[in-house]
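*Asks:* Any chance you can model this:
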Amino acid sequence: MEEGSLRGLAIVAAVGFFVPLLLGFVPRLRLPSVVLEIAVGAVIGPSVLGWVQVDEPIRLFSRLGFASLLFLAGLEIELDLLRGALLRLAAWGFLFSLLLSVVFCYALRAAGLLETPLLVAILLSATSVGLVIPVLKDAGEIASPFGQLVVVAISIADFGAILLLTLLFSTQSGSVSETFFLLATVGLLCVLIALAATGLGRWKRLSETLARLQDTTAMIRIRGAAFLLIAFVVLVEEMGLEIILGAFAAGVLLGYLDRDSLRTHPQFQSRLQAVGFGIFIPVFFVTSGLQLDLQGLVTGGSTLAVVPVFFAGLLLVRGVPALLYVRLLGRRRAVVAGLLQATSLPFLVAGARIGVELGKMSQATAAALIMGGILSVLILPSAALSLLPEKSSD
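*Replies:* Now for the predicted structure:
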């Protein structure tokens, strides 16, 4: 590693520190720090000031941040909820979203505004688990029937979008049938690991050893989680699949294995979040800003015009299917669910990066897509919260 090569990483880390700190001085400004991190990254990057280039240390930390973000998103998935009437309703909602998204994106291609309709259609059909769940928790709705339906719906959307993205747009795998076989292999491996871990969990000595080491400098559970994440990422890469699948699958698997009903390690997940959101994930978002082609976005009038179109697309694709929830939730809460479902940014950032790396999406289109996601984060959660307190019995 060349001397001074960590300079850019230091600047990125500084952005990751000062942005939420400065926002903390103005608590009335309900602006997610991730939005400002991306914006500042774009300003200091090659498109504007040129202070920072994406070198190898930044690329490595950003990659780990990308994996950590999907890992923690997978950890939020409640597999126990994915059953029964809620699952059927959420699944129909996702299929409706996917159909709307495909029609919408192919209409954009017919208008000459989009070059990769299927890829963008998949990206628009997802939601942001990491952004929506905190909103529900803060509103005290996470355990309500409304909150549970939204959680199931966004979980199904993320599952479906990641599987489709991996199935249709993997970098190295061959035909769709080969990719499907590899996906089935990963799924079978998860099942085998879950069965093996369930059996080992009955081994009293192992449980006692884990409990003894979890709060020492060994931090054995954190190390185990890191090993699981890295192992799955390496596995799927070796199979020619996207790391987005490996990281997400590792998080879902860990969430299933870590059902701590006795609360023997209550700080485990908060520590994982501290490592992810405290170290790696901010680098990913700032780096995503560094890689935004703002010049291409501004100079290309048609590309800039697509930003509000993508935002409207999120509202259409993820908001309209919430009409299916009216009978169960009532009109007002169905509208709130639609606004929350249409809130998406991390998956758009990740998917846009994959599209650029595969040569399936231009930098300008990727920037427009991310800007559309930023608009959704800035507008939709606040709009949803403004409606939520007004209880409705209709």
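*Asks:* So which helix or strand of the protein has the lowest pLDDT on average?
*Replies:* helix 294-299 (a mean of 66; mean pLDDT, DSSP states H and E).
*Asks:* For the helix or strand following that one, enumerate the helices and strands it packs against.
*Replies:* Using DSSP states H and E, the helix or strand that directly follows helix 294-299 along the chain is helix 301-314. In terms of contacts (3 or more CB pairs under 8 Å, 6 or more residues apart in numbering; DSSP states H and E), helix 301-314 is packed against helix 84-110, helix 117-124, helix 294-299, helix 363-387. (Each C-beta comes from the backbone N, C-alpha and C, glycine too.)
*Asks:* Centre of the chain to the first one, how far?
*Replies:* Meaning helix 84-110. Distance of helix 84-110 from the chain centroid (CA atoms, centre = their mean, to the nearest Å) equals 18 Å.
*Asks:* same thing with the last one?
*Replies:* Averaged C-alpha coordinates place helix 363-387 at 14 Å from its chain's average position (CA atoms, centre = their mean).
*Asks:* what's the answer for the second one, then?
*Replies:* Shown here is helix 117-124, whose average C-alpha point lies 15 Å from the average C-alpha point of the whole chain (CA atoms, centre = their mean).
*Asks:* That one packs against which elements?
*Replies:* Under the contact rule (3+ CB pairs under 8 Å, 6+ apart), helix 117-124 is packed against helix 84-110, helix 145-168, helix 301-314, helix 346-357, helix 363-387.
*Asks:* Please render those helices as a markdown table that adds mean neighbour count, mean pLDDT and distance to residue 39 to the earlier fields.
*Replies:* Listed next are the helices and strands packed on helix 117-124 as a markdown table, based on neighbours: other CB atoms under 10 Å; pLDDT from 0 to 100; distance: least, CB to CB, whole Å:
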| stretch | mean neighbour count | mean pLDDT | distance to residue 39 |
| --- | --- | --- | --- |
| helix 84-110 | 18 | 89 | 25 |
| helix 145-168 | 22 | 83 | 25 |
| helix 301-314 | 18 | 83 | 14 |
| helix 346-357 | 23 | 83 | 13 |
| helix 363-387 | 21 | 85 | 8 |
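*Asks:* Tell me which of the helices and strands packed on helix 301-314 lies nearest to residue 335.
*Replies:* Closest to residue 335 of those, according to CB to CB: helix 363-387, at 6.3 Å.
*Asks:* so the closest one versus helix 346-357, what angle?
*Replies:* 170 degrees (axes from the mean of the first three to the mean of the last three CA atoms, to 10 degrees).
*Asks:* Name the residues of stretch 205-215 that are buried.
*Replies:* 210, 214 (16 or more other CB atoms under 10 Å).
*Asks:* Just the CA trace of it, in PDB.
*Replies:* Taking only C-alpha atoms (Å, rounded to 0.1, in the frame of the first residue of the first chain), the coordinates of stretch 205-215 have been written out as PDB:
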ATOM      1  CA  ARG A 205     -21.300 -27.000  27.000                       C
ATOM      2  CA  LEU A 206     -21.200 -25.000  23.700                       C
ATOM      3  CA  SER A 207     -24.000 -22.700  24.800                       C
ATOM      4  CA  GLU A 208     -22.300 -22.100  28.100                       C
ATOM      5  CA  THR A 209     -19.000 -21.400  26.400                       C
ATOM      6  CA  LEU A 210     -20.600 -18.900  24.000                       C
ATOM      7  CA  ALA A 211     -22.300 -17.100  26.900                       C
ATOM      8  CA  ARG A 212     -19.000 -16.900  28.800                       C
ATOM      9  CA  LEU A 213     -17.100 -15.500  25.800                       C
ATOM     10  CA  GLN A 214     -19.600 -13.100  24.300                       C
ATOM     11  CA  ASP A 215     -18.900 -10.200  26.600                       C
END
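*Asks:* pLDDT of it, averaged?
*Replies:* In this model, stretch 205-215 carries a mean pLDDT of 76.
*Asks:* Would you map the helices across the stretch 201-350 of the chain?
*Replies:* With DSSP state H, counting those that start in this stretch, the ranges of helices along the stretch 201-350 of the chain come out as 204-213, 220-238, 243-257, 268-275, 281-290, 294-299, 301-314, 326-329, 331-341, 346-357.
*Asks:* Go through these and name the closest to residue 53.
*Replies:* Per CB to CB, nearest to residue 53 of the helices of the stretch 201-350 of the chain: helix 281-290, 7.8 Å.
*Asks:* Can I get the closest one in PDB? Just the C-alpha atoms.
*Replies:* Listed in PDB are the C-alpha atoms of helix 281-290, where the atom choice follows Å, rounded to 0.1, in the frame of the first residue of the first chain:
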ATOM      1  CA  ILE A 281     -21.800   1.600   6.000                       C
ATOM      2  CA  PRO A 282     -21.000   5.400   6.100                       C
ATOM      3  CA  VAL A 283     -18.100   4.800   3.800                       C
ATOM      4  CA  PHE A 284     -20.400   3.000   1.400                       C
ATOM      5  CA  PHE A 285     -22.900   5.900   1.200                       C
ATOM      6  CA  VAL A 286     -20.200   8.600   1.000                       C
ATOM      7  CA  THR A 287     -18.500   6.500  -1.800                       C
ATOM      8  CA  SER A 288     -21.800   6.200  -3.600                       C
ATOM      9  CA  GLY A 289     -21.800  10.000  -3.600                       C
ATOM     10  CA  LEU A 290     -18.200  10.100  -4.900                       C
END
